[in-house]
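Enquirer: Predicted model and sequence below, questions to follow.
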Amino acid sequence: MSICRRVAIALLPWLLCAAAASAQNYPDRVVRIVNPFPPGGSVDVLARLLAQKLSENLSQQFIIETRTGAGGNVGAEMVAKADPDGYTLLFSAPGPLVVNQTLYTKGLPFDPIKDFSPIALFAMAPIVLMVNPDIPARNVQELIAYAGKHPGQINFGSAGIGSTPHLCGELFKTMANIDIVHVPYRGTAPAMNDLIGGHIQMFFDLLPASLAQIESGKVRALANAGAKRPPPLANLPTVAEQGLAGFDATSWVGVVAPAQTPAPVTAKLIAEVEKVLKAPDVLAHIHQLGSQPGTAFGKDFGAFMAAETAKWAVVIKASGARAD
């Protein structure tokens, strides 16, 4: 046995004890939670909710740092290349974690699978299919029939190429076998404004951001996009219930750490986030936003992201969508 190997074996118990002690004292300084999307959106709101509760529970400051750009890739790259010590985390929507590796044809400056340790699925946000009230469709089948009679004349908006609303529209287009046109915007707010104004005819959007417009009658909701009906729109059938069996699209936000973060630290983070998601005030806030708390942690969250990656890769390739 080589001297180096003997030294490594001798040091192993000490290193394990050091890692355990580090986790026991974690965190002993400020923790950055990177939000790779614009401030003020649903990702930012939920990230700040988590940061506030972790700060309270662990008696250490968790702060939100916004690093936007390239569909979330800028912030994600920053975290992927950060020291793997638990003091830099990523709080993200699906884009940089499960979508962009297929969408960005020139590749990414990080590997979403190898460069992150999954911590927790924090929340699931329902998505709703809406149309401008001037469109003579009251349900999914009527919309499909109308689009079939007007090929290339139905425009659907999104928050940008590769965003969840974009991929929902592409999935709908493929499964319904209709010719509709994607119109990307810089965020969901301008897309919603153009849906209300009639400049686009159709839009998939997150329920928290669209509920007020639906209730006011400014837009018409045709279907819930997920597999289940969310409580705020429990009377609205899903897309699958209206004939497109298997259609299931939701948005979500989750927490990851850099790969190689010590296992005791990731275990503590998982336990603390799970604790946050059991707090009555947090649950009330998440439900108020029209969302549901996450239920996947650690390896289960990793498996969830792998399934999401495979699912959206099929949609992206079928649609021909791409970003550079």
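Expert: Arrived safely, thanks for sending. Numbering: from 1, shown residues only.

Enquirer: From here on, just use CA atoms for contacts and neighbour counts.
Expert: OK.

Enquirer: next one: the strand or helix carrying residue 282 to chain centre, how far?
Expert: Assessed by DSSP states H and E, residue 282 sits inside helix 280-288. In this view, helix 280-288 has its centroid 18 Å away from the chain centroid, taken as CA atoms, centre = their mean, to the nearest Å.

Enquirer: average pLDDT across it?
Expert: Helix 280-288 carries an average pLDDT of 93.

Enquirer: Make 66 the starting number, not 1.
Expert: Happy to do that; since the first residue is 66 now, the last one works out to helix 345-353.

Enquirer: for it, which positions count as buried?
Expert: Residues 347-348, 351-352 are the ones in helix 345-353 that count as buried (16 or more other CA atoms under 10 Å).

Enquirer: how close does residue 108 sit to residue 156?
Expert: 8 Å (CA to CA, to the nearest Å).

Enquirer: The two: which is more packed in?
Expert: Set residue 108 next to residue 156 and count neighbours by other CA atoms under 10 Å: residue 156 wins out with 29 against 21.

Enquirer: Report the contact partners of residue 381.
Expert: By CA atoms under 8 Å, 6 or more residues apart in numbering, the contact list for residue 381 reads 167-168, 232, 235, 387.

Enquirer: Likewise for residue 287?
Expert: 193-196, 203-205, 301-302.

Enquirer: in what helix or strand does it lie?
Expert: Element membership for residue 287 (DSSP H and E) is strand 285-289.

Enquirer: Kindly provide the whole-number mean pLDDT of that strand.
Expert: pLDDT averaged over strand 285-289 gives 97.

Enquirer: mind listing the strands for the stretch 66-215 of the chain?
Expert: Assigned by DSSP state E, counting those that start in this stretch, the stretch 66-215 of the chain shows strands spanning 96-100, 127-131, 153-157, 181-190, 192-196.

Enquirer: so how many other residues sit close to the nearest residue to residue 337 once chain neighbours are set aside?
Expert: The shortest distance from residue 337 to any non-neighbouring residue, by CA to CA, 6 or more residues apart in numbering, is to residue 119 (7.2 Å). Neighbour count for residue 119, taken as other CA under 10 Å: 21.

Enquirer: My understanding was that residue 119 contacts residue 336; is that so?
Expert: No. Using CA atoms under 8 Å, residue 119 is not in contact with residue 336, being 11.0 Å away.

Enquirer: other SSEs contacting the helix holding residue 347?
Expert: Counting by 3 or more CA pairs under 8 Å, 6 or more residues apart in numbering; DSSP states H and E, the packing neighbours recorded for helix 345-353 are strand 357-358.

Enquirer: Partner strands of the strand it packs on and their direction?
Expert: Note on strand 357-358: by DSSP bridges, its sheet partners are strand 181-190 (antiparallel).

Enquirer: tell me the angle the strand it pairs with makes with helix 345-353.
Expert: Counting by axes from the mean of the first three to the mean of the last three CA atoms, to 10 degrees, strand 181-190 lies at 60 degrees to helix 345-353.

Enquirer: Okay, angle between strand 181-190 and strand 153-157 too, please.
Expert: Orientation check (the same axes, to 10 degrees): strand 181-190 against strand 153-157 gives 30 degrees.

Enquirer: Output strand 181-190 as CSV, nothing but the C-alphas.
Expert: Extracted C-alpha coordinates of strand 181-190, given in CSV (Å, rounded to 0.1, in the frame of the first residue of the first chain):
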residue,chain,number,x,y,z
PHE,A,181,-25.7,20.6,-8.6
SER,A,182,-26.8,18.7,-5.5
PRO,A,183,-30.7,18.6,-5.2
ILE,A,184,-32.1,20.0,-2.0
ALA,A,185,-35.8,20.5,-2.4
LEU,A,186,-38.8,21.0,-4.6
PHE,A,187,-40.2,24.1,-2.8
ALA,A,188,-43.5,24.8,-4.6
MET,A,189,-45.6,23.8,-7.6
ALA,A,190,-47.4,26.5,-9.5
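
Enquirer: Which residues are in contact with the residue nearest to residue 337?
Expert: Taking CA under 8 Å, 6+ apart, we find residue 119 in contact with 125-127, 337-338, 341.

Enquirer: all helices of the chain, in order?
Expert: Counting by DSSP state H, the chain has helices at residues 68-90, 107-123, 138-145, 165-168, 205-214, 229-241, 253-262, 272-281, 328-341, 345-353, 364-384.

Enquirer: Using JSON lines, lay out those together with distance to residue 188.
Expert: Formatted as JSON lines, those follow (distance: least, CA to CA, whole Å):
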{"stretch": "helix 68-90", "distance to residue 188": "25"}
{"stretch": "helix 107-123", "distance to residue 188": "8"}
{"stretch": "helix 138-145", "distance to residue 188": "19"}
{"stretch": "helix 165-168", "distance to residue 188": "20"}
{"stretch": "helix 205-214", "distance to residue 188": "27"}
{"stretch": "helix 229-241", "distance to residue 188": "15"}
{"stretch": "helix 253-262", "distance to residue 188": "19"}
{"stretch": "helix 272-281", "distance to residue 188": "12"}
{"stretch": "helix 328-341", "distance to residue 188": "11"}
{"stretch": "helix 345-353", "distance to residue 188": "8"}
{"stretch": "helix 364-384", "distance to residue 188": "12"}
